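*Asks:* Sequence plus predicted model, see below.
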Amino acid sequence: MPAASPPAASPSSPSDDDALVAALRARDERAFATLVDRHHAALLRVASLYVRDRAAAEEVVQETWLAVIEGIDRFQARSSLKTWLFRILANRAQTRGQREARSVPFSALAARDADGEEPAVDPARFTAAADRHPGRWAAPPRAWETLPEERLLSQETLGRVAEAIEALPGAQRTVVRLRDVEGWSAAEVAEALEISDGNQRVLLHRGRSKVRQALEDYLGDEAAA
Amino acid sequence: MSLLGRRDVACQELVELATPYLEGTMGRRERARVERHLPGCDGCQAYVEQMRATLRLVGRVEVEAVPEETRAALLTAFRAATRSG
């Protein structure tokens, strides 16, 4: 398993961008390496939403990087570098996806994964509507504060969290990874994926709620009341 | 869901508000409703604590590194463009 790279950058500021763009235009190899290290994983994930398999996703991302190399001199900073990068990716991935007859634009995936009713917690855990005090906890969660710290922060627990994220529906998974794993701002996610802020919030809420549930199931009865 | 200022928030509503609450994107009045409810409700306190802990853990999930081969190939392409460009 490859070693983890350093934590991805948090929301990019215009001055970060300016410096990086200038360095890229000056053909500074380290600037390009920085950009690749920062975004390659997220590009792959987003590409995977559009195309059939991992190999196709890798090709799309490769094409994207080549387009960046070729196009950096024309980049006009109307959006952030990150957004520009992900827009190039989205275009290529969609084109490829369409050729493969699997053309679901991310916005449709996002709509699907934000649609309908999806309670954060199983309604059976609350008192019924007809109850004297409806909507109260009937089967409340237990505090994890009583768990030993090592248990909560163990590699095993972290592994379960990672699995829970991977098990999320596509658009929820993407938003949780970009927001919470990679540290992107809400605005950056909405802009790069071309979804509304409201849509993004619903996807994040649903994704996080499911991950919490998976953790609760995993940590189970160990948490004292 | 429209929530009236004075009505107590039910636990089942609160769990749907956990994300904006923790993000700090909630309006003042709604935030006050949540914060009036929490001290008297162990279940919701535990729920909010679990969501906080979940976020901390999700933040520790590692970003995958670029495979060395891929990285090298990309840098080669970058250098090639530099030379011919």
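*Replies:* On my side now, so go ahead. Residues are numbered from 1 along each chain as shown, chains lettered A, B, ... in the order given.

*Asks:* Would you tell me what helix or strand the residue nearest in space to the middle of chain B is located in?
*Replies:* Chain B has B:L55 as the residue nearest its centroid, 6.0 Å off, counting by C-alpha atoms, centre = their mean. In the assignment (DSSP states H and E), B:L55 maps to helix B:42-60.

*Asks:* tell me the mean pLDDT for the very next helix or strand once past that helix?
*Replies:* Remark: after helix B:42-60, the chain's next helix or strand is helix B:68-84, criterion DSSP H and E. For helix B:68-84, mean pLDDT rounds to 88.

*Asks:* Let me know whether helix B:68-84 sits next to chain A.
*Replies:* Yes: legend: contact between helix B:68-84 and chain A by C-beta under 8 Å from any C-beta of the partner chain is shown at B:70-71, B:73-75, B:77-79, B:81-82. Heads up, the C-betas are built off the backbone N, CA and C, glycines and all.

*Asks:* got JSON lines for these, with neighbour count and distance to A:F86 too?
*Replies:* Output for the residues of helix B:68-84 next to chain A, formatted as JSON lines (neighbours: other C-beta atoms under 10 Å in any protein chain shown; distance: C-beta to C-beta, whole Å):
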{"residue": "B:T70", "neighbour count": "17", "distance to A:F86": "18"}
{"residue": "B:R71", "neighbour count": "16", "distance to A:F86": "19"}
{"residue": "B:A73", "neighbour count": "13", "distance to A:F86": "21"}
{"residue": "B:L74", "neighbour count": "22", "distance to A:F86": "17"}
{"residue": "B:L75", "neighbour count": "15", "distance to A:F86": "21"}
{"residue": "B:A77", "neighbour count": "16", "distance to A:F86": "19"}
{"residue": "B:F78", "neighbour count": "23", "distance to A:F86": "19"}
{"residue": "B:R79", "neighbour count": "14", "distance to A:F86": "24"}
{"residue": "B:A81", "neighbour count": "15", "distance to A:F86": "21"}
{"residue": "B:T82", "neighbour count": "14", "distance to A:F86": "24"}
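
*Asks:* so where's the longest helix in chain A?
*Replies:* If you go by DSSP state H, chain A has its longest helix at helix A:197-219.

*Asks:* list the contacts for B:L75?
*Replies:* Neighbour list for B:L75: A:29, A:32-33, A:36 [criterion: C-beta atoms under 8 Å, 6 or more residues apart in numbering or on different chains].

*Asks:* can you check A:R87 too?
*Replies:* Residues in contact with A:R87 (C-beta under 8 Å, 6+ apart) are A:79, A:192, A:194.

*Asks:* so which of those residues also contact chain B?
*Replies:* Counting by C-beta under 8 Å from any C-beta, no member of the contacts of A:R87 reaches chain B.

*Asks:* where in chain A is pLDDT low?
*Replies:* A:1-14, A:101-104, A:221-225 (pLDDT under 70).

*Asks:* What segments of it are helices?
*Replies:* A:14-25, A:29-48, A:54-71, A:81-99, A:106-114, A:149-152, A:155-166, A:170-176, A:186-193, A:197-219.

*Asks:* which of those helices sits most buried?
*Replies:* helix A:170-176 (a mean of 25; mean count of other C-beta atoms under 10 Å in any protein chain shown).

*Asks:* how far does that one sit from the chain's center?
*Replies:* Relative to its parent chain, helix A:170-176 has a centroid offset of 5 Å by C-alpha atoms, centre = their mean, to the nearest Å.

*Asks:* so where's chain B uncertain?
*Replies:* Scanning chain B for pLDDT under 70 picks out B:1-6, B:82-85.

*Asks:* element containing B:P20?
*Replies:* Going by DSSP H and E, B:P20 is part of helix B:11-23.

*Asks:* quick check, that helix touching chain A?
*Replies:* Yes: looking at helix B:11-23 against chain A by C-beta under 8 Å from any C-beta, the contacts come from B:11-13, B:15-16, B:18-20, B:23.

*Asks:* Most neighbours out of the residues you listed, which is it?
*Replies:* Neighbour count (other C-beta atoms under 10 Å in any protein chain shown) singles out B:V15 as the most crowded of the residues of helix B:11-23 next to chain A, with 25 neighbours.

*Asks:* For that one, which residues are in contact?
*Replies:* Here B:V15 is in contact with A:119-121, A:209, B:44, B:47 (C-beta under 8 Å, 6+ apart).

*Asks:* now those: which count as buried?
*Replies:* Buried subset of those (neighbour count, 16 or more other C-beta atoms under 10 Å in any protein chain shown): A:120-121, A:209, B:44, B:47.

*Asks:* Make TSV from those and add distance to A:L158 to it.
*Replies:* Formatted as TSV, the buried ones among the contacts of B:V15 follow (distance: C-beta to C-beta, whole Å):
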residue	distance to A:L158
A:A120	22
A:V121	23
A:S209	19
B:C44	26
B:Y47	21
